[in-house]
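K.L.:
build me a model from this:
(2 chains, ligands or ions: 2)
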Amino acid sequence: MRPMLEARALSKHYQQGSIAVAAVDSVSFSVLPGEIALIIGPSGSGKSTLLSMLGCILRPTSGAILLAGRDVGRLSDRELPRIRGRCFGFVFQSFHLFPFLTARENVETALRLRKVSARVRRERTVDLLARCGLEDRMDFYPASLSGGEKQRVAIARALVGDPFILLADEPTACLDSANGEIVFEMLRHFAQEKGKAVVIASHDPKARRFADRVYSLADGRIEVMTD
Amino acid sequence: MIWLATRLAFHNRARLLVTLFGVVFSAYLTLAETALYIGMMENATSIIRHSGTDLWVASKGVQNFDFAKPFPDERLKLIHGRAELSWAKPISLSWGFLKLPDGAQELVEIIGYDPAAPVGGPWDMASGAPGDVGGGANMIVDESAAQRLGKLRLGSLWELNDRSIKLVGVSRSAKTFTTAPIVFTSYVLAQDMTPDVSRQAAAAYIAIKLRNPADVERVAKALRHDLPDNEILTTSAFVERTILYWTVQTGMGAAFCLTAVLGLVVGAGTIGQTVFANTMEHLGEFATLKAMGATARDLNTIILAQAAIDACVGFSIAVPLALLSKAPLEKTGVTLAVDLKLIAALFCVTLAVALAAAYFSIRRVQNLDPATVFRS
Ligand SMILES: Nc1ncnc2c1ncn2[C@@H]1O[C@H](COP(=O)(O)OP(=O)(O)O)[C@@H](O)[C@H]1O
Ligand SMILES: [Mg+2]
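P.N.:
Ligands and ions are numbered 1, 2, ... in the order given. Model prediction:
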């Protein structure tokens, strides 16, 4: 099977004063449809940098990213947002929900960006939030949701547009272990049920149970641990 | 995305209120200043514009309607024979004192015209008719003068330049730039009352109506030849010259313009600052939107729509305030010329200025690195 997302010799260098730091150093990586790839590594090892390059948010210094076999490095700055909106869903450690919108509106925003009609927007949002166990939290603002609830709203927002790939950066770092378990369970469900690719960066030991392949990242260099 | 802008703008109610306060204040200032200026210019030119004439004979170097320099009205004879003229009538303009019931004296502008062909007389009557000033010591006073002169009762007797004079009519909307009340009398009476009796009869202007208004430039040229000591102006040129005088010579235009522009600047500053504060406060959300695939156009729309919301809400509160303050302000003698055209024009200007004020926010968000969403 062809990888959904693939990185070839991907590097990102930052100039810190007079020295160049390789946040990500010649990383090769791939994830298949229906699969969860886990990237573990200590803080500062380059996980977030790698994920933002994989998600077409950050341009690599060198190397290539192939999205369903297509090199995205050639895309212009104007095309990239569209690719991100259509192909990727993002989940972040600190949720990044819109504080001025209710849970339902937060999720709907992802569909509004894709100019989905109001009726379809509403149907899909309500349906997905209900499946995330949030039917009685839909009209709550993020400030009055618990951490676990916030992350479930964030996951619903990432999934509602039906992306091919979901990128999650330390999605359970701010959650207790029970809520962390629920989040991983949701991500696995999404990968298996819908045949989507999921990439999780995490140092949560629980994550390994849910992963199909595990990469370890240290000082920007990657190593395959299980295949 | 306008929806998102609305939610963002209304999220911080306190900030919105403070912003609206500033915008309402500045929009009101701009609107009122502009309307006052237009009102003054309308008053300064009202008699010229409502005379129904094509050409004006004035003394050389005339600057505006109110500051007329009289010339002998015998010059009328020099042009009487001309076939192109439908009629030519003298108008006099002088200043006098009207004695009030309490004994006080009020300075008034006396306009004398021919009651038989009321050119230069009142054009809109609350009571009486323009022709009523004929046949004796009669006058028509504008209703706007009631504030200064007291009750204007038809048939009441007054004293103008120490002569008894009867009020035979009340006109509407005849005002001057100086805000001195206008008193219309017959040309003959006005001559009679001119303090300097030794002078020969003096007209301030000769108003001319042409048989064919299309001839105006050609006739003006011929009249300049006939009356070398006078200035011949078309009605529109006279209006322009009067407006130019009050606007430029007196520095009034600059003063009004400065205040109106300051109003716009304050409004733009308020909106720009609020939108920028909102943007800085929600940079994380903008980065998230960028990561989620929002295009530059989506983001610009969110920012510009916020500025537009502030401008629209602020402006739509300022307009009724301006309309409400019209009556009390006009009691003081000034005219607030607010009409739909002015409101529409100033709305466009306010909106444009507000959108321009969002420039820095747009720049900030355009340069925002969406990768910041991955930093906790
Ligand atoms: N924008 C940046 N400028 C300079 N250095 C950066 C930047 N982003 C990340 N880094 C550096 O790259 C390294 C990897 O960071 P990051 O990808 O955030 O690691 P992790 O997510 O695994 O904690 C760190 O040393 C960090 O300081
Ligand atoms: Mg990180």
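
K.L.:
show me the contacts for residue 211.
P.N.:
Picked chain A for this. Residue A:211 is in contact with A:36-38, A:200, A:226, counting by C-beta atoms under 8 Å, 6 or more residues apart in numbering or on different chains. All C-beta atoms are positioned from the backbone trio N, CA, C, and that covers glycine.

K.L.:
oops, chain B please
P.N.:
B:83-86.

K.L.:
just the buried residues from the residues you listed, in PyMOL please.
P.N.:
Per 16 or more other C-beta atoms under 10 Å in any protein chain shown, the buried members of the contacts of residue B:211 correspond to this PyMOL selection:
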select buried, chain B and resi 84+85
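
K.L.:
quick check, nearest of the contacts of residue B:211 to residue B:46?
P.N.:
residue B:86 (22.4 Å; C-beta to C-beta).

K.L.:
torsion angles phi and psi at residue A:218?
P.N.:
Backbone torsions for residue A:218, taken as degrees, to the nearest 10, come to phi -140, psi 130.

K.L.:
so where's the chain uncertain?
P.N.:
Chain wasn't specified; assuming chain A. For chain A, the stretches with pLDDT under 70 are A:227.

K.L.:
wait, chain B was what I had in mind.
P.N.:
B:195-201, B:376.

K.L.:
outline the domain layout of it.
P.N.:
Per automatic domain parsing, the structural domains of chain B span B:2-43+B:251-375, B:61-228.

K.L.:
could you flag which of the contacts of residue A:211 are buried?
P.N.:
A:36-38, A:200.

K.L.:
need the max-distance pair from those residues.
P.N.:
Greatest spacing in those, by C-beta to C-beta: A:37 and A:200 (7.3 Å).

K.L.:
need the contact list for residue 112.
P.N.:
Picking chain A for this. The neighbours of residue A:112, taking C-beta under 8 Å, 6+ apart as the test, are A:121, B:1, B:3-4.

K.L.:
not quite, go with chain B.
P.N.:
Contacts here follow C-beta under 8 Å, 6+ apart; on that basis residue B:112 touches B:91-94, B:184-191.

K.L.:
and those residues as JSON lines, adding secondary structure?
P.N.:
Below are the contacts of residue B:112 laid out as JSON lines (DSSP: H, G, I helix; E, B strand; the rest coil):
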{"residue": "B:91", "secondary structure": "strand"}
{"residue": "B:92", "secondary structure": "strand"}
{"residue": "B:93", "secondary structure": "strand"}
{"residue": "B:94", "secondary structure": "strand"}
{"residue": "B:184", "secondary structure": "strand"}
{"residue": "B:185", "secondary structure": "strand"}
{"residue": "B:186", "secondary structure": "strand"}
{"residue": "B:187", "secondary structure": "helix"}
{"residue": "B:188", "secondary structure": "helix"}
{"residue": "B:189", "secondary structure": "helix"}
{"residue": "B:190", "secondary structure": "helix"}
{"residue": "B:191", "secondary structure": "helix"}
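
K.L.:
might you report the residue contacts of the residue in the stretch 201-350 of chain B positioned nearest to ligand 1?
P.N.:
Closest to ligand 1 within the stretch 201-350 of chain B is residue B:287: 12.8 Å, counting by C-beta to the nearest ligand atom. Residue B:287 makes contact with A:96, B:368-370, B:372-373 under the criterion C-beta under 8 Å, 6+ apart.

K.L.:
toward the C-terminus, what is the element adjacent to the host helix or strand of it?
P.N.:
In the assignment (DSSP states H and E), residue B:287 maps to helix B:283-291. Once the chain leaves helix B:283-291, the next helix or strand it forms, by DSSP H and E, is helix B:296-330.

K.L.:
which among the contacts of residue B:287 count as buried?
P.N.:
A:96, B:368, B:370, B:372-373.

K.L.:
show me which pair in those residues is furthest apart.
P.N.:
Most distant of those, by C-beta to C-beta, are A:96 and B:368, 13.5 Å apart.

K.L.:
any chance you could read off phi and psi for residue 167?
P.N.:
You didn't pick a chain, so chain A it is. phi -110, psi 120.

K.L.:
ah, no, chain B please
P.N.:
For residue B:167, the backbone dihedrals (degrees, to the nearest 10) come out as phi -80, psi 120.

K.L.:
now for it, how many residues are close by?
P.N.:
Residue B:167 is flanked by 21 other residues according to other C-beta atoms under 10 Å in any protein chain shown.

K.L.:
all strands of chain B, in order?
P.N.:
Using DSSP state E, the strands of chain B run over B:55-59, B:71-72, B:85-99, B:105-113, B:125-127, B:138-142, B:157-160, B:163-171, B:182-186, B:202-203, B:205-210, B:230-234.

K.L.:
wait, residue B:330 sits on residue B:336?
P.N.:
Yes: applying C-beta atoms under 8 Å, one finds residue B:330 in contact with residue B:336, separated by 6.1 Å.

K.L.:
of the two, which one has the most company?
P.N.:
Neighbour count, other C-beta under 10 Å: between residue B:330 and residue B:336, residue B:336 has more, with 20 against 15.

K.L.:
now do the contacts for the more buried one.
P.N.:
Per C-beta under 8 Å, 6+ apart, neighbours of residue B:336: B:32, B:35-36, B:39, B:322, B:325-326, B:329-330.

K.L.:
among those, name the buried ones.
P.N.:
B:32, B:35-36, B:39, B:322, B:325-326, B:329.

K.L.:
doesn't residue B:209 make contact with residue B:53?
P.N.:
Yes: using C-beta under 8 Å, residue B:53 is in contact with residue B:209, at 5.4 Å.

K.L.:
who touches both of the two?
P.N.:
Contacts common to residue B:53 and residue B:209, judged by C-beta under 8 Å, 6+ apart, are residue B:119.

K.L.:
more neighbours, these two?
P.N.:
For residue B:53 versus residue B:209, neighbours defined as other C-beta under 10 Å are more numerous around residue B:53 (25 against 17).

K.L.:
give me the nearest residue to the more buried one, chain neighbours excluded.
P.N.:
residue B:207 (4.2 Å; C-beta to C-beta, 6 or more residues apart in numbering or on different chains).

K.L.:
can you tell me the closest non-neighbouring residue to the closest residue to chain B within chain A?
P.N.:
Residue nearest to chain B within chain A: residue A:85 (2.1 Å; C-beta to the nearest C-beta). Once flanking residues are discounted, residue A:85 sits nearest to residue B:293: 2.1 Å by C-beta to C-beta, 6+ apart.

K.L.:
pretty sure that neighbour contacts residue A:113?
P.N.:
Yes: using C-beta under 8 Å, residue B:293 is in contact with residue A:113, at 5.5 Å.
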